[in-house]
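> Pasting a predicted model and its sequence here:
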Amino acid sequence: MKKQILHCTPAYPWSGDPQNGSFVSLLVHHLRAISSGFVVHLRHHSFCRTESLLATDVPGISIGSPGGWRGWWFKRKSIQAYIDKKLGNRVDIIYLHMPNPDILWLALWARRKKIPLVIAEHRSAFLNGDFQRQSVVRRWMVQAVLSLAQEVVVPSHALGEGLRKAGLVKPYTVIPNIIPYPHYRGATDKAEGHRFGMLADVVDSIKGHSGVLSAWSIYSDLHPKDTLHIAGEGVDRTFLMKKFKHLSRVEWLGTTSPSQAVAFLQDIDTLIVHSPVESFSMALAEALGSGCTAIVTRCIGPQEWAPDAPIEWIDYKPEHPLTLCLAMEKVKQRTELTSHEVIALLKPFQPENVLQAHASLWERF
């Protein structure tokens with residue numbers, strides 16, 4: 001008999017970050033081969049307007065609620081009603097994806113009901129110091145949620161060690177994110193100029209957009225045929241568009257769905273991942289799957305799984321834009337990946353391998 005798993009997540013496709021939750025959707029979809037899945041999506045991004053559960057065939061509910069303690073009560077009542085009425089009060093495993101403090105009650109409920117609790121954490125806040133800058137109460141609640149889990153799953157050892165150093169977990173299990181089967185496009189024609197792209201939520205402190213735009217202000221004057229395309233939404237988008245409005249050949253695409261993200265990666269030549277820290281980088285994995293070349297800062301996560309990939313590695317130095325300019329010059333001389341190289345590089349992240357890791361995880365319960 002298949003285990004009945006309740007997936008609870010604040011991240012789901014169709015939000016400001018094209019990759020935000022896409023790996024959750026893929027995992028939940030493919031886990032149907034070995035389990036019965038149900039999803040509770042907790043909306044929380046203020047700039048998201050089109051979040052939906054329609055991105056997958058797995059049943060579930062999407063809950064938007066007020067903030068604070070009133071929101072806590074609202075979410076608790078909604079989820080409890082869903083468990084009682086739709087799942088017949090039967091849950092074999094609760095799988096919390098990127099848990100927030102307002103889900104502590106569900107972790108406590110799982111402990112009381114003796115339901116195994118698995119937590120999958122992906123956020124880089126545990127690597128760049130953001131977590132330590134949060135309030136004492138919020139940090140305590142996150143730590144309480146993690147302490148109640150039977151298993152903590154991370155996509156890289158880098159993030160696992162970050163959680164350990166933050167004093168949040170001791171043991172952890174590394175299971176990489178599922179990425180789509182490669183949408184390999186083959187060789188592209190660069191006669192019309194080289195197309196650079198960024199695919200991320202526009203939060204400058206995390207994704208480093210201003211550093212890329214500063215470099216572009218120098219680079220673009222020397223390369224009048226090349227273009228820069230920025231996909232994604234976020235809190236800093238309007239500010240950055242105004243600050244760098246003088247730049248030419250920069251396209252701001254705004255909110256980008258997962259399917260549009262695939263088309264975006266088919267269209268660009270080089271993806272730029274200009275971040276101080278990443279726990280995995282879904283955008284990079286999907287870009288390499290499309291055959292793109294890439295410029296990536298040495299930001300921990302990607303270095304773990306892609307040390308031998310055809311990547312131009314640079315240090316994160318937004319105050320020195322010439323570093324990125326030189327990398328942009330150099331990457332244009334790189335040969336694009338072949339289909340065989342793509343398959344070999346991304347094999348660990350394909351559904352059959354990730355599902356096998358989860359099947360081994362379920363056997364522990």
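Sure thing, it's come through.
> Could you check stretch 127-134 and say which residues are buried?
The neighbour-count check on stretch 127-134 (16 or more other CB atoms under 10 Å) flags 127-128, 131 as buried. (C-beta placed from N, C-alpha, C; glycine too.)
> again with stretch 202-221
Within stretch 202-221, judged by 16+ other CB under 10 Å, the buried ones are 202-204, 206-216, 219-220.
> Just name the closest of those residues to Val118, please.
Ile206 (25.9 Å; CB to CB).
> for that closest one, phi and psi?
Backbone geometry at Ile206, expressed as degrees, to the nearest 10, gives phi -100, psi -40.
> Make sure it is actually in contact with Arg123.
No. Using CB atoms under 8 Å as the test, Ile206 is too far from Arg123 to be in contact (9.8 Å).
> Show the average pLDDT along stretch 284-299.
For stretch 284-299, mean pLDDT rounds to 91.
> let me fix that: stretch 342-350
If you average the pLDDT over stretch 342-350, you get 84.
> buried set for that stretch?
342, 345-346, 349-350.
> What's the separation between Ile175 and Leu228?
Ile175 sits 34 Å away from Leu228, going by CB to CB, to the nearest Å.
> Looking at those two, which one has more neighbours?
Leu228 (24 against 21; other CB atoms under 10 Å).
> That one belongs to a strand, doesn't it?
Yes. Counting by DSSP: H, G, I helix; E, B strand; the rest coil, Leu228 is located in a strand.
> per-residue confidence for it?
In this model, Leu228 carries a pLDDT of 97.
> what's across from it in the sheet?
Phe196, Val250 (DSSP bridges).
> now it: how far from Lys165?
From Leu228 to Lys165 the distance is 36 Å (CB to CB).
> Now intersect the buried residues of stretch 342-350 with the helices, please.
If you go by DSSP state H, the buried residues of stretch 342-350 have 342, 345-346 in helices.
> wait, which of those is closest to Ile311?
Nearest member of these to Ile311, counting by CB to CB, is Leu345, at 10.6 Å.
> Was I right to think that closest one contacts Pro307?
No. Judged on CB under 8 Å, Leu345 makes no contact with Pro307 at a distance of 10.8 Å.
> can you list contacts of the strand or helix carrying Gly162?
If you go by DSSP states H and E, Gly162 is part of helix 157-165. With CB atoms under 8 Å, 6 or more residues apart in numbering as the test, helix 157-165 has contacts from 121-122, 124, 126-127, 146, 152, 154, 169-170, 172, 174, 279-280, 300-301, 303-304.
> Please list the members of the residues you listed that lie in helices.
Among those, the members falling in helices (DSSP H) are 146, 301, 303-304.
> Just the buried residues of those residues.
For the ones in helices among the contacts of helix 157-165, buried by 16+ other CB under 10 Å: 146, 301, 303-304.
> I'd like to know which of those is nearest to Glu329.
For these, the nearest to Glu329 is Gln303 (22.3 Å; CB to CB).
> Please list all residues in contact with that closest one.
Taking CB under 8 Å, 6+ apart as the test, what Gln303 contacts is 158, 313.
> And for Trp313?
Per CB under 8 Å, 6+ apart, neighbours of Trp313: 296-298, 303.
> Go again with 7 Å.
Trp313 makes contact with 296, 298 under the criterion CB atoms under 7 Å, 6 or more residues apart in numbering.
> Just say helix, strand or coil for it.
strand.
> what does Ile63 give?
strand.
> Quick check: phi and psi on the nearest residue to it once chain neighbours are set aside?
The spatially closest residue to Ile63, leaving aside those adjacent along the chain, is Ser78, at 5.0 Å (CB to CB, 6 or more residues apart in numbering). Note on Ser78: its backbone torsions stand at phi -70, psi -50 [degrees, to the nearest 10].
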